[in-house]
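Participant: Curious how this folds, go ahead:
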Amino acid sequence: MKLFAPKETCAGERRVALVPAAVARLVKLGAEVEVEAGLGETLRESDAAYTEAGATISHDRRASLGSADMVLRLHKPPVDEVGLLKQGAIHVSYLDPFNDRPLLEALAAAGVSAICMEMIPRSTLAQKMDALSSQANLAGYLSVVLAAGQLGRILPMMMTPSGTIPPARVFVIGVGVAGLQAIATAKRLGARVEAFDTRPVVEEQVQSLGAKFVKVDLGEMGETKQGYAKQLTEEQLEKQRQVMAKHCAQSDIVITTAQLFGRPAPVIVTDEMVRGMRPGSLLVDLAVETGGNVEGSKVDEVVEVDGVRILGYSNLPGHAAVPASEMYASNLANLIEHFWDKDEKGFRMDPADELQQGCLLTHGGAIIHESFKPAASDDAS
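Facilitator: Below is the predicted model of the structure:
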């Protein structure tokens, strides 16, 4: 079975789908691995490193896309490249399925089996394949590091002959994978950390990291099958904002991580709340790419409001492209190993498998995932 990893086409992206270590794992399975020339340039990985791991180097992207049995990417493919894939090929990457139906239709029409990395089930079995979590982990870490570098003060308390410097206060909103890593990182750097989430069940996790959990009585809450918090009512959002405003006003750094699966991110920190913060304080909006948790945040811009800066960096994992690529490549390798047929030396497609039911969107010339089938789409409209 031939696997091909092309270079990413998104401007500014430094991460890649395969690193040499992952290539070696796939070759050991019995796969024929091909990578586009220069794939690892952004990581300072030479073509020779990939060759030593067992890959062959392609200098003809179109031909390799057309001959591959499986294509491995990070970002979704350009629609004009979908037609290059051979019928029956398997394509694995992020696919943005809730916002790009034309791509799903193109993949189905081309007879491609499309596995969506965003839709990997959040289960114990699939944990090692969960790219959203692996990348969110890095985003949480980087949100604190980048904020600390721009704050203009230190995070830990220091007792010096000149006096005592109090610890910086960090407030994390949203205690998923990114939020937990942000809490842990801020604590390691010596900050005083508070956190809030609509799911009371995470209180113990917050406290285990040495942070204080901020309680807000929002009534009945829960989470989706994917592990995301359920969407709040407007009444619940307003009650939440009242408590958030108080804690934001006391904080030096506020990090927001709240996301809704397949929907725009909720606005949690309003303009009024931003203006209530101390001049010199910072907000980091990790949801800026899906609409933003902070009113006024802009993608890849630093917005200043009354002396308070809102950092809207996109693709935070890309700021640490080497470990981000290593983790994503490992997610792919784990997925392939799980479904590898040693006798046939190929990836076993099984739409009836529970894991594949969660992430296989197109197969056999049709959109087969329950959330995106034409009938489901028509009913929703």
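Participant: what's downstream of the helix or strand hosting Leu180, the next helix or strand?
Facilitator: Using DSSP states H and E, Leu180 sits within helix 177-188. Using DSSP H and E, the helix or strand that follows helix 177-188 in sequence is strand 192-196.
Participant: helices or strands up against that next one?
Facilitator: When contacts are defined as 3 or more C-beta pairs under 8 Å, 6 or more residues apart in numbering; DSSP states H and E, strand 192-196 packs onto strand 169-173, helix 177-188, strand 212-213, helix 234-250. No exception for glycine: its C-beta is placed from N, CA and C like everyone else's.
Participant: Which one of those lies nearest to Val82?
Facilitator: Proximity to Val82 (C-beta to C-beta) singles out helix 177-188 among the helices and strands packed on strand 192-196, at 30.6 Å.
Participant: pull the CA atoms of that closest one into PDB?
Facilitator: The C-alpha coordinates for helix 177-188 follow below in PDB (Å, rounded to 0.1, in the frame of the first residue of the first chain):
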ATOM      1  CA  VAL A 177      -7.400  19.900  27.000                       C
ATOM      2  CA  ALA A 178      -6.100  23.400  26.200                       C
ATOM      3  CA  GLY A 179      -7.400  24.900  29.400                       C
ATOM      4  CA  LEU A 180      -5.900  22.300  31.600                       C
ATOM      5  CA  GLN A 181      -2.500  22.700  30.000                       C
ATOM      6  CA  ALA A 182      -2.800  26.500  30.300                       C
ATOM      7  CA  ILE A 183      -3.500  26.100  34.100                       C
ATOM      8  CA  ALA A 184      -0.600  23.700  34.500                       C
ATOM      9  CA  THR A 185       1.800  25.900  32.700                       C
ATOM     10  CA  ALA A 186       0.800  29.100  34.500                       C
ATOM     11  CA  LYS A 187       1.200  27.300  37.800                       C
ATOM     12  CA  ARG A 188       4.600  26.000  36.900                       C
END
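Participant: How far away from the center of its chain is that helix?
Facilitator: Its chain's C-alpha centre and that of helix 177-188 lie 15 Å apart, by C-alpha atoms, centre = their mean, to the nearest Å.
Participant: Give me the contact list for that helix.
Facilitator: Contacts of helix 177-188 with the rest of the structure, by C-beta atoms under 8 Å, 6 or more residues apart in numbering, involve 132-133, 136-141, 143-145, 155, 170, 172-173, 175, 193, 195, 197, 205-206, 209-211, 253, 255, 257, 286.
Participant: pLDDT of that helix, averaged?
Facilitator: Here helix 177-188 scores 97 as its mean pLDDT.
Participant: For that helix, buried residues please.
Facilitator: Of all the residues in helix 177-188, those buried under the rule 16 or more other C-beta atoms under 10 Å are 177-187.
Participant: Could you export the residues you listed as a markdown table, including distance to Ala31?
Facilitator: Shown next, in a markdown table, are the buried residues of helix 177-188 (distance: C-beta to C-beta, whole Å):
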| residue | distance to Ala31 |
| --- | --- |
| Val177 | 29 |
| Ala178 | 32 |
| Gly179 | 36 |
| Leu180 | 34 |
| Gln181 | 32 |
| Ala182 | 37 |
| Ile183 | 39 |
| Ala184 | 36 |
| Thr185 | 36 |
| Ala186 | 41 |
| Lys187 | 42 |
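Participant: Taking those, tell me the two that lie furthest apart.
Facilitator: Greatest spatial distance in the buried residues of helix 177-188: Val177 and Lys187, 16.2 Å, computed using C-beta to C-beta.
Participant: sorry, back to before: ok, the buried residues of helix 177-188 vs Val35, which is closest?
Facilitator: Val177 (28.6 Å).
Participant: How about the secondary structure of the closest residue to that closest one other than its chain neighbours?
Facilitator: Of all residues not flanking Val177 in the chain, Ala136 sits nearest, at 4.2 Å (C-beta to C-beta, 6 or more residues apart in numbering). State at Ala136, reduced to three classes by DSSP: H, G, I helix; E, B strand; the rest coil: helix.
Participant: Surely Ala136 is in contact with Gly174?
Facilitator: No - contact between Ala136 and Gly174 fails when scored by C-beta atoms under 8 Å: they sit 10.4 Å apart.
Participant: what about these two, which has more around it?
Facilitator: Using other C-beta atoms under 10 Å, the more surrounded residue of Ala136 and Gly174 is Gly174, with 29 against 23.
Participant: give me every residue that touches that one.
Facilitator: 196-197, 229, 256-259, 286, 293 are the contacts of Gly174 under C-beta under 8 Å, 6+ apart.
Participant: Do a quick rundown of the helices in the chain.
Facilitator: Assigned by DSSP state H, the helices in the chain fall at 20-29, 47-53, 61-67, 79-82, 101-109, 131-151, 177-188, 203-208, 234-250, 271-275, 321-338, 354-359, 374-380.
Participant: Turn those helices into CSV, columns for distance to Leu95.
Facilitator: Below are the helices of the chain laid out as CSV (distance: least, C-beta to C-beta, whole Å):
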stretch, distance to Leu95
helix 20-29, 20
helix 47-53, 25
helix 61-67, 16
helix 79-82, 11
helix 101-109, 7
helix 131-151, 12
helix 177-188, 20
helix 203-208, 30
helix 234-250, 30
helix 271-275, 34
helix 321-338, 14
helix 354-359, 9
helix 374-380, 15
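Participant: hang on, the earlier thing: could you tell me which residues touch both of Ala136 and Gly174?
Facilitator: With C-beta under 8 Å, 6+ apart as the test, Ala136 and Gly174 both reach Thr257.
Participant: Give me the neighbour count for the closest residue to Asp350 other than its chain neighbours.
Facilitator: Nearest non-adjacent residue to Asp350, counting by C-beta to C-beta, 6+ apart: Gln356, 5.6 Å away. Gln356: 21 surrounding residues under other C-beta under 10 Å.
Participant: ok, back up a step: for the residue nearest to Val177, give me its contacts.
Facilitator: 176-178, 181, 257.
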